[in-house]
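Colleague: can't give you the sequence, but here's the structure:
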């Protein structure tokens with residue numbers, strides 16, 4: 001019985017790229033293919049727009065062939081690059097915000113009232 005099951009999302013390393021898909025190694029025993037139709041919902045012109053050799057990606061297991069230790073994989077419906085070399089972005093607080101709106105809004109209203117056609121209320 002394999003540790004890889006259909007529907008599971010696992011991490012792997014891109015070991016090859018062909019015109020028809022991406023080869024991914026999951027461990028020393030199991031590898032799989034992401035067919036070009038399982039890369040994106042949109043047209044895939046160039047697979048290297050998505051991955052490169054030795055990239056570490058997440059893949060979804062579509063099917064398992066235990067006899068050959070091969071997997072049918074997909075990245076179409078998952079965030080395949082999640083948690084890989086992303087630094088958490090820090091959001092800087094500013095002193096502006098609604099205070100600026102509070103100051104500028106009365107002027108904007110007066111300006112738009114002046115620009116409004118005179119006969120609009122009639």
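Modeller: Cool, got the structure. As the structure is a computational prediction, the values presented were derived from the model and not from experiment. Residues are numbered from 1 along each chain as shown.

Colleague: Tell me how many other residues crowd the residue lying closest to residue 59 once chain neighbours are set aside.
Modeller: Among residues not flanking residue 59 along the chain, residue 73 sits closest, at 4.3 Å (C-beta to C-beta, 6 or more residues apart in numbering). Bear in mind the C-beta positions are built from the backbone N, C-alpha and C, glycine included. Neighbour count for residue 73, taken as other C-beta atoms under 10 Å: 27.

Colleague: Quick check: next helix or strand after the helix or strand containing residue 73?
Modeller: Element membership for residue 73, per DSSP states H and E: strand 70-74. Downstream of strand 70-74, the next assigned helix or strand under DSSP H and E is helix 98-115.

Colleague: centre of the chain versus that following helix, how much separation?
Modeller: 40 Å (C-alpha atoms, centre = their mean, to the nearest Å).

Colleague: I'd like the mean pLDDT over that helix, please.
Modeller: Confidence for helix 98-115, expressed as mean pLDDT, is 82.

Colleague: which secondary structure elements does that helix contact?
Modeller: If contacts are counted by 3 or more C-beta pairs under 8 Å, 6 or more residues apart in numbering; DSSP states H and E, helix 98-115 sits against no helix or strand.

Colleague: contacting residues around it?
Modeller: For helix 98-115, contacts defined as C-beta atoms under 8 Å, 6 or more residues apart in numbering pick out no residues.

Colleague: cool, and stretch 4-19?
Modeller: For stretch 4-19, the surrounding residues in contact (C-beta under 8 Å, 6+ apart) are 22-26, 30-32, 36, 47-48, 51-64, 71, 73, 78.

Colleague: Mind listing the strands the helix or strand encompassing residue 10 pairs with, and their directions?
Modeller: According to DSSP H and E, residue 10 maps onto strand 9-18. Sheet pairing of strand 9-18 (DSSP bridges) gives strand 21-25 (antiparallel), strand 56-65 (antiparallel).

Colleague: Including mean neighbour count, distance to residue 111 and mean pLDDT, could those strands go into CSV?
Modeller: What follows is these, written out as CSV (neighbours: other C-beta atoms under 10 Å; distance: least, C-beta to C-beta, whole Å; pLDDT from 0 to 100):
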stretch, mean neighbour count, distance to residue 111, mean pLDDT
strand 21-25, 21, 57, 97
strand 56-65, 18, 52, 94
